[in-house]
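Asker: no sequence on hand, only this structure:
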């Protein structure tokens, strides 16, 4: 890789770090200081990887990539923990529902420390049974958290329900990590794709579609094409996670996953590019 390519690749995480830090620090939002720290670490890990591509090998490139993945998992845990119950509650209140998303105090106190601990153990002690136990606990905590958010009450509105589906990939990923570490039957690639394509990829689509509608003054309702994109993307993740178990059909599973990923994001582009380049509809 050339210095130019590495520089272009590093532009996004560096700019993201500056923008996030500016908004949080100038706004005096102390509760979001950890977000600034996580995004900064993410940029540093990206730098470590690109130094390796330029020949300054630190023998840490694979670890940097894996650490970046787990930083994103932690970010999803933090941010989704705020927006998913909030958006769900707003939608339910708008329909006169009085049973709203709730939280369990001990779960909220434990979930981020256990998630962070599991990430650290997965990096430092990937084959240690302690990692598998910690991952199982993380999966349980994320499951308990998700259950309390009343996701099944939002099935009729894909724009809200998809947030819960995306978050569900977190406990699935940690369950697979536990099974991979303790039993060895689950390949590590399935774990990585449950987190990367599932929890991170699906959450990005879920939040991006919602933000695109809300910030352009449009009703917060998913179109049929958007709902199809949600379904196709999740099917692609399932195919990718399950591919290693397909035996001789492994490559077919990869092709299905890649095709689904391309189709889902193409549907997003075709639907939301016109929305995002036009003026707000309420101005």
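Answerer: In hand now; what should we look at? Predicted model, so just to flag it, every value in this text is computed and none were measured.
Asker: helices along the stretch 51-200 of the chain, start to end?
Answerer: Per DSSP state H, counting those that start in this stretch, the stretch 51-200 of the chain has helices spanning 61-93, 105-124, 129-147, 158-182, 188-193. These are given in chain order.
Asker: dump those to JSON lines, plus distance to residue 213.
Answerer: Yep, even glycine has a C-beta here, placed from its N, CA and C like the rest. Shown next, in JSON lines, are the helices of the stretch 51-200 of the chain (distance: least, Cβ to Cβ, whole Å):
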{"stretch": "helix 61-93", "distance to residue 213": "12"}
{"stretch": "helix 105-124", "distance to residue 213": "29"}
{"stretch": "helix 129-147", "distance to residue 213": "24"}
{"stretch": "helix 158-182", "distance to residue 213": "7"}
{"stretch": "helix 188-193", "distance to residue 213": "28"}
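Asker: can you list those helices in CSV and add distance to residue 267, mean neighbour count and mean pLDDT?
Answerer: Converted to CSV, these look like this (distance: least, Cβ to Cβ, whole Å; neighbours: other Cβ atoms under 10 Å; pLDDT from 0 to 100):
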stretch, distance to residue 267, mean neighbour count, mean pLDDT
helix 61-93, 22, 18, 95
helix 105-124, 31, 17, 97
helix 129-147, 26, 20, 98
helix 158-182, 13, 23, 97
helix 188-193, 21, 20, 95
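Asker: so which of those comes closest to residue 205?
Answerer: helix 158-182 (7.4 Å; Cβ to Cβ).
Asker: helices or strands up against that closest one?
Answerer: Helices and strands touching helix 158-182, as assessed by 3 or more Cβ pairs under 8 Å, 6 or more residues apart in numbering; DSSP states H and E, comprise helix 61-93, helix 105-124, helix 129-147, helix 188-193, helix 203-214, helix 224-242.
Asker: nearest to residue 157, out of those helices?
Answerer: Closest to residue 157 of the helices and strands packed on helix 158-182, according to Cβ to Cβ: helix 61-93, at 6.3 Å.
Asker: for residue 18, which of the helices and strands packed on helix 158-182 is the nearest?
Answerer: Evaluated over those, closeness to residue 18 peaks at helix 61-93, with 17.0 Å, by Cβ to Cβ.
Asker: got TSV for the helices and strands packed on helix 158-182, with distance to residue 25 too?
Answerer: Below are the helices and strands packed on helix 158-182 laid out as TSV (distance: least, Cβ to Cβ, whole Å):
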stretch	distance to residue 25
helix 61-93	18
helix 105-124	22
helix 129-147	29
helix 188-193	33
helix 203-214	23
helix 224-242	34
